[in-house]
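> Could you look at this predicted model? Sequence included:
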Amino acid sequence: KAGVTQTPRYLIKTRGQQVTLSCSPISGHRSVSWYQQTPGQGLQFLFEYFSETQRNKGNFPGRFSGRQFSNSRSEMNVSTLELGDSALYLCASSSRQDQETQYFGPGTRLLVL
Amino acid sequence: KQEVTQIPAALSVPEGENLVLNCSFTDSAIYNLQWFRQDPGKGLTSLLLIQSSQREQTSGRLNASLDKSSGRSTLYIAASQPGDSATYLCAVRPWVGDTGRRALTFGSGTRLQVQP
């Protein structure tokens, strides 16, 4: 079974631009979560989607948004990029049938200049 | 608010040594606890998951224990190898209502280096 995939793997943007990241969960997984990882703050939860509905949201500004499609694929969007948005963005999927074990993708490395 | 602490922050051991990584959490109302490994610049690899009702889980040279009442978990690595060098993270999923579906709270990790 294929793992969680994320595209693109690397991205360079400038301040003020917007970016869209994509995540394809493991086949059969309906829950997709997004995390931001930075050296200073560690891993922080962004949001979780289940069956196209946002179930939980972390403490991030409204510039961070996401959505999930009927095939469980998810996208997250960051508008009006700031230097502090430079981070590794990780997506994880899980299934109740697998005790909610979180499986992470390789991440998208975003650099904002 | 759940807080997860991992001690030590960094550890360097010679190859072949057995070692223990520690994880503590402040709120014992958890759904499960998961240990991950992260290699530099990469995503997280799931190592072991312990449900709140379990005391330990084993996979190969890895053994994770959970003491929910004291808010502690340990990851035991037997006969360490240079390939075990990585950052090890523990994460707690809190229990909320019937489903227990909430975000993971991560510790800051233990950076392990195994010297050949």
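Structure received.

> element containing the residue nearest to the spatial centre of chain A, please.
Centroid-nearest residue in chain A: A:Trp34, 3.3 Å away (criterion: Cα atoms, centre = their mean). With secondary structure defined by DSSP states H and E, A:Trp34 is part of strand A:31-38.

> For the helix or strand that that strand is followed by, name the packing helices and strands.
Next helix or strand after strand A:31-38 toward the C-terminus (DSSP H and E): strand A:42-50. In this structure, strand A:42-50 packs against strand A:31-38, strand A:53-57, strand A:64-68, strand A:74-78, strand B:105-106, with contacts taken as 3 or more Cβ pairs under 8 Å, 6 or more residues apart in numbering or on different chains; DSSP states H and E. Just so you know, the C-beta spots here come from the backbone N, C-alpha and C atoms, and that holds for glycine as well.

> Can you tell me the strand partners of the helix or strand following the shortest one and which way each runs?
Secondary structure here is assigned by DSSP H and E; on that basis, the next helix or strand after strand B:105-106 toward the C-terminus is strand B:110-115. Here the strand partners of strand B:110-115, with direction, are listed using DSSP bridges: strand B:10-14 (parallel), strand B:86-94 (antiparallel).

> Keeping just the C-alphas, turn strand B:110-115 into PDB.
Taking Å, rounded to 0.1, in the frame of the first residue of the first chain, the C-alpha atoms of strand B:110-115 are listed here in PDB:
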ATOM      1  CA  THR B 110      15.600  13.500  21.600                       C
ATOM      2  CA  ARG B 111      18.400  13.700  19.100                       C
ATOM      3  CA  LEU B 112      20.200  10.400  19.200                       C
ATOM      4  CA  GLN B 113      23.700   9.800  17.800                       C
ATOM      5  CA  VAL B 114      25.100   6.200  17.800                       C
ATOM      6  CA  GLN B 115      28.800   6.200  17.400                       C
END
